[in-house]
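Participant: my questions concern the predicted model and sequence given below.
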Amino acid sequence: MSDMSHTGLPKDVGIAANFRLLQDVDVRLSVEVGGTNLKLRELLALGESSVIELDRYANELLDVLVNGTLIGRGEVVTVGDRFGIRITELADQTPPGATPL
């Protein structure tokens, strides 16, 4: 297989150029604390003081997602008077069936 693209440039140069074009695309980063399943009657019975137990332990790392895709895990920190997340592990970025580098 050739290491050259259809433009005659090495493939890694073409990939780098395409990546530069994408660097300013907005993505949504979110942190998932946990979840649970409820019956509709339980959901309808919730009020302002209701407490819902989630499926994650308090000392577990939280999932960090970009546009709904898991990219890693981390722990909650405070940044001034706001929440933040310290990334402690990154998800394996190797596509299924591919060989890791």
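Facilitator: All right, it came through fine.

Participant: any stretches of the protein with poor pLDDT?
Facilitator: Low-confidence segments of the chain, defined by pLDDT under 70: 1-13, 94-101.

Participant: which parts of it are strands?
Facilitator: For the chain, the strands defined by DSSP state E cover 29-32, 62-66, 69-79, 82-90.

Participant: and the last one, how far from the chain's centre?
Facilitator: Think strand 82-90. Relative to its chain's centre, strand 82-90 lies at 11 Å (CA atoms, centre = their mean, to the nearest Å).

Participant: so what secondary structure elements neighbour it?
Facilitator: Here strand 82-90 touches strand 62-66, strand 69-79, going by 3 or more CB pairs under 8 Å, 6 or more residues apart in numbering; DSSP states H and E. C-betas here are computed from N, CA, C, even on glycine.

Participant: contact partners of stretch 48-67?
Facilitator: Among residues not part of stretch 48-67, those counted as contacts by CB atoms under 8 Å, 6 or more residues apart in numbering are 27-36, 38, 46, 70-76, 85, 87-89.

Participant: could you check how far Gly74 is from Leu29?
Facilitator: Distance of Gly74 to Leu29, computed by CB to CB, to the nearest Å: 11 Å.

Participant: can you select the buried ones among the contacts of stretch 48-67 for me in ChimeraX?
Facilitator: When burial is assessed using 16 or more other CB atoms under 10 Å, the buried subset of these is captured in ChimeraX by this command:
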select :71,72,73,74,85
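
Participant: list the contacts for Gly68?
Facilitator: Shown in contact with Gly68 (CB under 8 Å, 6+ apart): Ser30.

Participant: that older thread, any chance of the helices and strands packed on strand 82-90 in JSON lines, plus distance to Arg20?
Facilitator: Listed next are the helices and strands packed on strand 82-90 as JSON lines, based on distance: least, CB to CB, whole Å:
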{"stretch": "strand 62-66", "distance to Arg20": "19"}
{"stretch": "strand 69-79", "distance to Arg20": "20"}
